[in-house]
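Participant: Have a look at this fold, sequence not included:
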Ligand code: GDP
Ligand code: MG
């Protein structure tokens with residue numbers, strides 16, 4: 001069996017991460033990407049998009065009916081969003097750790113929201129909350145051919161064979 005990746009297929013987990021319009025406008029794109037990159041996760045898709053309101057509603061469909069839903073939808077479609085897919089062992093769960101608690105009042109220092117945001121409606125970043133939502137969100141935001149499969153040179157130093 002040829003070894004194209006050190007990581008077993010089952011561990012080659014992917015998550016959807018988006019830098020929201022506030023993060024983009026505040027010049028935090030490189031800061032946020034840096035945190036995922038230096039951890040050891042691999043970027044497999046990235047693009048800049050202004051989502052329509054309909055698209056934002058699809059993305060946040062599970063929150064429909066919440067009092068803040070319309071504001072959230074309007075905000076997500078108010079400007080450019082950096083949509084990304086990151087890959088690595090445990091990236092869905094640990095990505096949420098890097099991001100921090102939903103409300104920046106509660107997110108720990110050292111997390112993205114803890115270090116870079118102050119209010120829940122402007123918390124700079126989105127990350128999938130589990131394997132099912134990760135798959136659904138990746139499929140919503142990206143066409144299959146937009147996901148780039150490649151071997152990262154760092155993999156052999158990040159994972160045991
Ligand atoms: P997340 O997975 O940590 O992003 O949190 P949720 O999925 O629960 O909510 C999605 C987004 O809705 C959050 O990131 C917040 O920007 C926003 N949100 C959640 N709860 C509130 C709230 O109580 N008030 C406001 N204004 N926004 C909220
Ligand atoms: Mg969520």
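Facilitator: Right, received. Where do you want to start? Please read these numbers as outputs of a predicted model, since none were measured by experiment. Residues are numbered from 1 along each chain as shown. Ligands and ions are numbered 1, 2, ... in the order given.
Participant: State the phi and psi torsions of residue 25.
Facilitator: With angles defined as degrees, to the nearest 10, residue 25 sits at phi -70, psi -30.
Participant: scratch that, residue 42 is what I was asking about
Facilitator: According to degrees, to the nearest 10, residue 42 has phi -110, psi 130.
Participant: and residue 141, how many residues sit next to it?
Facilitator: Residues within reach of residue 141, counting by other C-beta atoms under 10 Å, total 21. To be clear about C-beta, it is placed using only N, CA and C from the backbone, and glycine gets the same treatment.
Participant: what's near enough to touch it?
Facilitator: By C-beta atoms under 8 Å, 6 or more residues apart in numbering, the contact set of residue 141 is 16, 18, 49, 59, 83.
Participant: Swap in 10 Å and give it another go.
Facilitator: Applying C-beta atoms under 10 Å, 6 or more residues apart in numbering, we find residue 141 in contact with 16, 18, 45, 47, 49, 51, 55, 58-59, 81, 83-85.
Participant: And those, which of them are buried?
Facilitator: 16, 18, 45, 51, 55, 59, 81, 83, 84, 85 (16 or more other C-beta atoms under 10 Å).
Participant: Which ones among the contacts of residue 141 map onto strands?
Facilitator: The strands, defined by DSSP state E, take in 16, 18, 45, 47, 49, 81, 83, 84, 85 from the contacts of residue 141.
Participant: Relative to residue 109, which of those is nearest.
Facilitator: The shortest approach to residue 109 among the ones in strands among the contacts of residue 141 belongs to residue 18, at 22.7 Å (C-beta to C-beta).
Participant: TSV please, covering the contacts of residue 141 and showing distance to residue 115 and pLDDT.
Facilitator: Formatted as TSV, these follow (distance: C-beta to C-beta, whole Å; pLDDT from 0 to 100):
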residue	distance to residue 115	pLDDT
16	22	98
18	18	99
45	25	98
47	25	98
49	25	98
51	25	98
55	29	98
58	30	98
59	24	98
81	20	99
83	22	99
84	19	99
85	23	98
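Participant: Show me the strands in the chain, by range?
Facilitator: 14-19, 42-49, 81-87, 125-127.
Participant: Nice, that's everything, thank you.
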